[in-house]
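1. Pasting the sequence and the predicted model now:
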There are 2 protein chains.
Amino acid sequence: MSVLNNAADVLRCFGNDCPDLTVSDVVRLLGMPKANASRLLKAMREANMLETIGDSHRHRPGRLMLDLAAAYRRSSLLIGRASEVVAEASATYGHTGYISVRDGKEVTAVADFQGTNALRVVSNIGRRLPAHLSATGRSLLARLGEEAVHALYAGHGALTDLSEQLSKVRHQGFAYSSQEATPGVDAIAISVADPRTDEAVSLCIVYPHALVDTKGRDEMIAALAKGAARIAEDLGDSAFVAPRI
Amino acid sequence: MSVLNNAADVLRCFGNDCPDLTVSDVVRLLGMPKANASRLLKAMREANMLETIGDSHRHRPGRLMLDLAAAYRRSSLLIGRASEVVAEASATYGHTGYISVRDGKEVTAVADFQGTNALRVVSNIGRRLPAHLSATGRSLLARLGEEAVHALYAGHGALTDLSEQLSKVRHQGFAYSSQEATPGVDAIAISVADPRTDEAVSLCIVYPHALVDTKGRDEMIAALAKGAARIAEDLGDSAFVAPRI
DNA sequence: CGAGTCGTTCCATTAAATGGAACTTGAGTT
DNA sequence: AACTCAAGTTCCATTTAATGGAACGACTCG
């Protein structure tokens, strides 16, 4: 195949929890001849797609890659609008907030707002999560039709569970999880879309379970909902469901 | 040359304030035949390096690129340590904070912490700044020797000015700017390095000029300095200069 | 409709990627 | 210091992909 696909495969290796790569890591992970791996990493280095850590043989993403997530954010009016809402909510309640997008069965945070409370959930922006196992992911999956979800998760064991959860999300207008991915951590998420560009984002607040009761949670949902409703109206997102608390 | 360099050139186009690219943008900016540009963007799309916005012909960085800045952060102990310090300072004083790295004559933020004050400086993470025109950049340039700076800025008009500013930074142990890049915005920055990996980062706080007097500024410098000194000690950064206020 | 712009496809030419093997480099041993 | 093993780089003939001019579709606007 072309170098470009190999380069993309190398970059994908950083996705999981692999902080750096050597030539032999690439050989092992991608099964390519080591002559190729060596030249590929060299070419990527020279293109600033990779850089070595110190003078070791370990590679990490290059400086060129650092700006791109920001360019992605700037490309989208929706993300900008959503960020304002979550930044406001995060500052008000002191909890960490995110904006996430879905990519197939995964979600990635594209913007984060660190909480200010002494006990706060630490931001994990840029780490991919399975969409069906997080509130933010389910808030985005709920926007798909029942059939689309079935197609996406065909043959997946958790499909029936997921369908139930999603219809609840569709009815309520928000997604909620309590100590699901991380013990002691709850999350609320509301999604909104821009029909002109087919983008959908999730507005999410993550907080320590012990710190927030139902009343506090509903207050935050209302804050996100108000902002999201405003965005939905301005951009013409007719599929938006105002949360019922 | 190879596709890889062309792909890197395309990605570089997003650096400035170009939120999206079309085939003809690429033709214009890079001067390549449009047949090549068309195929290149197609290949990059298929490798998830780019994606189209909605069903238009405009391209933005692809989902693959969103995780890479996070991988960069995870690759570096220094960035992690520095982030803790700036997050703490940002939460305490309510102003926006950054961690930045230098790349030649430019600096890029790799992590940001939004302030919580009603009047706060909005984060511009991922946007490149000229190193010599920002406090964060000068705090990093000051770590280079006098000669290295001369070599880097050879033939540059602002070199004599810069040299003076840098020796002040070296003596004080911190960089300060008042309404330099943006009217009404001041910044303080302190750099620290990891000698094992040759990395240097800048810890920076950005705040509205009108909100902070000299005493308040010195308090924040002290907070950053305390954290930076701890990092310098733990990692063995012998070049670190404790700020004199 | 017709002119203009933009994007894609076609094809022969040219240039780069490939992978096996030989060769270096560096860390740890005896 | 010589030895060994693993990791990385370079070499070279072969295969494969990139290149760019030109022709072809798709859209927009007067």
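-> Everything's here; your move.

2. all strands of chain A, in order?
-> A:50-52, A:59-61, A:96-103, A:106-113, A:129-130, A:175-178, A:185-194, A:199-208 (DSSP state E).

3. now the helices for chain A?
-> Applying DSSP state H to chain A gives helices spanning A:3-13, A:23-30, A:34-46, A:63-66, A:68-74, A:77-93, A:135-141, A:146-152, A:159-172, A:214-235.

4. partner residues bridging the residue nearest the centre of chain A?
-> Nearest to the mean C-alpha position of chain A, by Cα atoms, centre = their mean, lies A:T108 at 2.0 Å. On the basis of DSSP bridges, A:T108 is bridged to A:V101.

5. go on, the one 4 residues further on?
-> Beta-bridge partners recorded for A:D112 (DSSP bridges): A:Y98.

6. can you list the residues of chain A near DNA strand C?
-> A:M1, A:S2, A:V3, A:N6, A:M32, A:P33, A:K34, A:A35, A:N36, A:R39, A:L40, A:A43 (Cβ under 7 Å from any atom of the strand). From N, CA and C alone the C-beta is placed, and that goes for glycine too.

7. separation between the third one and A:G115?
-> Just to be clear, that refers to A:V3. 42 Å (Cβ to Cβ, to the nearest Å).

8. So the two - more neighbours on which side?
-> Neighbours were counted for A:V3 and for A:G115 using other Cβ atoms under 10 Å in any protein chain shown; A:G115 has more, 25 against 18.

9. how far away is the residue lying closest to A:I245 once chain neighbours are set aside from DNA strand C?
-> With Cβ to Cβ, 6 or more residues apart in numbering or on different chains as the criterion, A:I245 has its nearest non-adjacent residue at 4.7 Å, and that residue is A:D218. According to Cβ to the nearest atom of the strand, to the nearest Å, A:D218 and DNA strand C sit 47 Å apart.

10. what's the answer for A:A175, then?
-> For A:A175 relative to DNA strand C (Cβ to the nearest atom of the strand), the value is 36 Å.

11. who's that residue bridged to?
-> Applying DSSP bridges, one finds that A:A175 bridges with A:A189.

12. residues in contact with it?
-> By Cβ atoms under 8 Å, 6 or more residues apart in numbering or on different chains, the residues touching A:A175 are A:A135, A:T136, A:R138, A:S139, A:A142, A:V169, A:A187, A:I188, A:A189, A:I190, A:S191, A:S202.

13. Burial check on the third one, number of neighbours?
-> One way to gauge burial is a neighbour count; for A:R138, by other Cβ under 10 Å, it gives 26.

14. so who does it touch?
-> Contacts of A:R138 by Cβ under 8 Å, 6+ apart are A:A131, A:H132, A:L162, A:Q165, A:L166, A:V169, A:A175, A:S177, A:A189.

15. Look up the closest residue to it, ignoring the ones flanking it.
-> According to Cβ to Cβ, 6+ apart, the nearest residue to A:R138 is A:A175 (4.4 Å).
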